[in-house]
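**Student:** here is a sequence with its predicted model. Questions after.
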Amino acid sequence: DAWAEKAKEYMITAYAAPQDVGSERIVDGKPLKEWVRGPNVHEDYTCENHGFVHPDYLTAYDLQVTNTFVYRLAGEPLPEAPLFNIAECRKVLSFLTRPSGWFFYPQWCDWTNYGFDVTIEAQILDPFVPDPVGARCLRSSLDFLKYTDKCHGAGPSTNLFHGVNYACTPLFMLNEAYIVFYLFGPGAKPASDEEARTKLRGTMISEAGKFAVSRSKDGMASFSWFDGGERFMASVTPLAIDAPTVPKLRSLVGYVSSKDDHIKVVSRKVEQLPGGGFSAGFSIKRGPGFGVSERLMMMALADGRVVYAEWFDSEPAGNTEEVRTGLIFLEDDPYWLRGKKPIVYCPGGVFRLKPEKVSNGDDDARPKPEQVLLGGDDARWINYNNRLGIVLRGSRQVLLEGSQLALNYRGPSGGQLPEFWVAVFYPNATKAMTAKFDQVVSINKLGNGSYEVFLGDVAITLDPAEKAVVTRQSHRRGTE
């Protein structure tokens with residue numbers, strides 16, 4: 001009995017949240033305050049590992065859930081402890097699961113952006129808490145398994161899961177999931193893809209984890225202010241099985257110096273918008289000696305459109321540093337794009353990306369990526385793979401270099417930075433749709449240093465010190 005009691009204590013503590021400490025709620029016969037000495041997850045059921053909020057390690061609750069095997073096989077009644085708080089953690093992970101079968105990582109992932117083993121782990125709870133949307137998330141992961149298996153061709157496979165086969169964890173997780181479903185039932189019937197996209201829409205602002213995420217039917221957008229290093233970042237990605245962009249360190253925020261670009265946050269205002277989505281505004285110091293003053297803002301609308309803007313209130317010393325902001329990392333490997341070839345469209349031309357390959361030499365050398373510079377009318381709008389549309393205003397030059405797309409680029413000694421520039425993102429927009437959106441987007445400078453951005457049907461007032469204001473418009477236009 002003493003061993004059984006200690007096992008329950010460990011299991012309950014494993015995913016205890018701050019609100020459980022001191023709680024009178026009864027779990028397995030005792031108040032939580034008698035089980036829990038301290039929390040292991042944040043109050044919103046996110047957890048940190050490797051120094052940041054890491055969805056992969058939240059899925060480690062599979063180790064907790066598999067304790068149910070012992071009770072079932074021993075013929076013992078199942079206590080509450082093995083499933084304590086797991087349903088709440090699972091909701092977070094379902095919200096972050098993309099139709100491609102992978103997680104969306106607001107603060108990047110130091111393993112891989114394409115780990116479908118962890119998304120399988122995330123849904124191991126389904127036989128106990130059947131959820132059609134969670135079951136659809138699991139089906140998305142299994143669909144990717146079918147895809148990767150087909151890539152092998154005839155004959156035995158030398159690598160069951162190309163690109164995601166670390167320590168054979170996908171096979172291990174499949175075995176775990178099989179045993180859970182075998183012992184405890186089939187779980188829920190998966191919702192349709194359309195139904196799951198609708199039900200997973202929402203906004204999550206994690207003050208403890210220092211990030212915000214908005215999810216629409218077509219895309220996800222995030223802003224992270226976790227620290228002043230490379231996890232000060234933002235991202236926009238379409239929701240599709242061939243999603244062409246992934247969050248990486250310093251996404252969108254980019255760099256104003258190749259030597260020292262640590263960021264110090266002077267002020268921050270992050271709030272949820274009425275009806276969903278978020279507004280995130282920052283005033284920062286960055287670059288060598290924190291010598292560059294910048295304001296930046298992201299506004300994610302509930303319908304999937306995202307506005308990202310930057311104000312440069314001072315220049316890098318001497319204006320000799322290369323600047324890459326509005327930085328987007330494009331997936332250029334056709335394998336992850338489900339066979340599609342990576343293509344960038346814009347008024348200045350069509351550019352077919354060549355996937356960067358690593359040589360087999362000891363120096364692990366990479367060929368120098370191709371570089372394309374675009375400016376003026378050639379870069380009013382950009383579309384990647386008929387999946388992500390971008391309309392630009394105020395940026396003087398765009399750089400396409402390999403799989404990097406810098407929406408605001410200035411070469412070394414390349415002159416002054418723009419006082420203000422803005423990008424409007426349209427997830428899952430085709431090139432034709434993007435060209436049409438370009439016809440309705442305009443900006444208007446206000447007297448107090450803020451700007452209005454017109455998207456055709458709405459006008460958005462942008463001021464990083466304030467919450468973004470969205471108003472309905474009909475035919476009003478500004479000056480570009």
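**Tutor:** Nice, thanks for sending it over. All figures in this text were calculated on a predicted structure; none of them were measured in a lab.

**Student:** contact partners for residue 286?
**Tutor:** By C-beta atoms under 8 Å, 6 or more residues apart in numbering, the residues touching residue 286 are 256, 261, 262, 263, 264, 292, 294. Quick note: C-beta positions are derived from backbone N, CA and C, even for glycine.

**Student:** quick one: neighbours of the third one, just the number.
**Tutor:** In this case it means residue 262. 16 (other C-beta atoms under 10 Å).

**Student:** quick check: it vs residue 256, distance?
**Tutor:** 11 Å (C-beta to C-beta, to the nearest Å).

**Student:** keep only those of the contacts of residue 286 that are in strands.
**Tutor:** Residues from the contacts of residue 286 lying in strands, with DSSP state E as the criterion: 263, 264, 292, 294.

**Student:** count the neighbours of the second one for me.
**Tutor:** Other residues within reach of residue 264, judged by other C-beta under 10 Å, total 11.

**Student:** per-residue confidence for it?
**Tutor:** You'll see residue 264 listed with a pLDDT of 95.

**Student:** for it, which non-adjacent residue is closest in space?
**Tutor:** Closest residue to residue 264 apart from its sequence neighbours, by C-beta to C-beta, 6 or more residues apart in numbering: residue 285 at 4.5 Å.

**Student:** which phi and psi does the one you found have?
**Tutor:** Here is the backbone geometry of residue 285 (degrees, to the nearest 10): phi -110, psi 140.

**Student:** ok, now which ones touch it?
**Tutor:** Residue 285 is in contact with 263, 264, 266, 291, 292, 293, 294, counting by C-beta under 8 Å, 6+ apart.

**Student:** need the max-distance pair from these.
**Tutor:** 266 and 291 (13.4 Å; C-beta to C-beta).

**Student:** number of nearby residues for residue 200?
**Tutor:** Neighbours of residue 200 using other C-beta under 10 Å come to 24.

**Student:** helices and strands around the lengthiest helix in the chain, which ones?
**Tutor:** Using DSSP state H to define each element, the chain has its longest helix at helix 132-150. Packing partners of helix 132-150 (3 or more C-beta pairs under 8 Å, 6 or more residues apart in numbering; DSSP states H and E): helix 86-96, helix 116-122, helix 169-184, helix 193-199.

**Student:** now distance to residue 354 and mean pLDDT too, for those, in TSV please.
**Tutor:** Formatted as TSV, those follow (distance: least, C-beta to C-beta, whole Å; pLDDT from 0 to 100):
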stretch	distance to residue 354	mean pLDDT
helix 86-96	31	98
helix 116-122	26	91
helix 169-184	29	89
helix 193-199	32	97
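
**Student:** so where is the stretch 1-150 of the chain shaky, pLDDT-wise?
**Tutor:** For the stretch 1-150 of the chain, no stretch is flagged by pLDDT under 70.

**Student:** now do the strands in it.
**Tutor:** Assigned by DSSP state E, counting those that start in this stretch, the stretch 1-150 of the chain shows strands spanning 26-27, 30-31, 48-49, 52-53.

**Student:** next, format those as CSV and append mean neighbour count and distance to residue 410.
**Tutor:** Below are these laid out as CSV (neighbours: other C-beta atoms under 10 Å; distance: least, C-beta to C-beta, whole Å):
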stretch, mean neighbour count, distance to residue 410
strand 26-27, 15, 58
strand 30-31, 14, 60
strand 48-49, 15, 36
strand 52-53, 22, 30
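
**Student:** could you give me the buried positions within stretch 101-121?
**Tutor:** Neighbour-count burial for stretch 101-121, counted by 16 or more other C-beta atoms under 10 Å, picks out 101-109, 111-121.

**Student:** on that earlier part again, what's the closest of the contacts of residue 286 to residue 465?
**Tutor:** Out of these, the member with the shortest distance to residue 465 (by C-beta to C-beta) is residue 294, at 13.3 Å.

**Student:** shouldn't that closest one be in contact with residue 311?
**Tutor:** Yes. In this structure, residue 294 is within contact of residue 311 by C-beta atoms under 8 Å, at 6.6 Å.

**Student:** just say which of the helices and strands packed on helix 132-150 is most tucked in.
**Tutor:** Most buried of these, by mean neighbour count (mean count of other C-beta atoms under 10 Å): helix 116-122, with a mean of 27.

**Student:** residues touching that one, excluding its own?
**Tutor:** Taking C-beta under 8 Å, 6+ apart as the rule, helix 116-122 contacts 55-56, 58-62, 90, 93-94, 97, 101-103, 134, 137-138, 140-142, 144-145, 161, 164, 169-170, 172-174, 176-177.

**Student:** centre of the chain to that helix, how far?
**Tutor:** Its chain's C-alpha centre and that of helix 116-122 lie 16 Å apart, by C-alpha atoms, centre = their mean, to the nearest Å.

**Student:** ditto for stretch 239-255
**Tutor:** 7 Å.

**Student:** got the CA coordinates for that stretch in CSV?
**Tutor:** C-alpha atoms of stretch 239-255 as CSV (Å, rounded to 0.1, in the frame of the first residue of the first chain):
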residue,chain,number,x,y,z
LEU,A,239,-2.6,25.1,-42.3
ALA,A,240,-2.2,22.5,-45.0
ILE,A,241,-0.6,19.1,-45.4
ASP,A,242,2.1,20.7,-47.6
ALA,A,243,2.6,23.7,-45.4
PRO,A,244,5.6,25.7,-46.8
THR,A,245,6.8,27.7,-43.8
VAL,A,246,7.9,26.7,-40.3
PRO,A,247,8.8,28.8,-37.2
LYS,A,248,12.5,29.1,-36.7
LEU,A,249,14.7,31.2,-34.5
ARG,A,250,14.2,35.0,-35.1
SER,A,251,11.5,34.3,-37.7
LEU,A,252,10.0,37.7,-38.9
VAL,A,253,12.0,39.7,-36.3
GLY,A,254,15.2,38.9,-38.1
TYR,A,255,18.5,40.6,-37.6
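
**Student:** so what's residue 223 up against?
**Tutor:** Taking C-beta under 8 Å, 6+ apart, one finds 106, 211, 212, 233, 234, 270, 278, 280, 298 in contact with residue 223.

**Student:** residue 304 too?
**Tutor:** 216, 217, 218, 219, 426, 427, 428.

**Student:** pick out the most distant pair among the residues you listed.
**Tutor:** 217 and 426 (12.9 Å).

**Student:** does residue 459 belong to a helix or a strand, and which?
**Tutor:** strand 458-462 (DSSP states H and E).

**Student:** in that strand, what's buried?
**Tutor:** Here strand 458-462 shows 459, 460, 461, 462 as buried, counting by 16+ other C-beta under 10 Å.

**Student:** in CSV, list those along with pLDDT and distance to residue 382.
**Tutor:** Below are the buried residues of strand 458-462 laid out as CSV (pLDDT from 0 to 100; distance: C-beta to C-beta, whole Å):
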residue, pLDDT, distance to residue 382
459, 94, 23
460, 93, 20
461, 92, 25
462, 93, 21
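
**Student:** no more questions from me, cheers.
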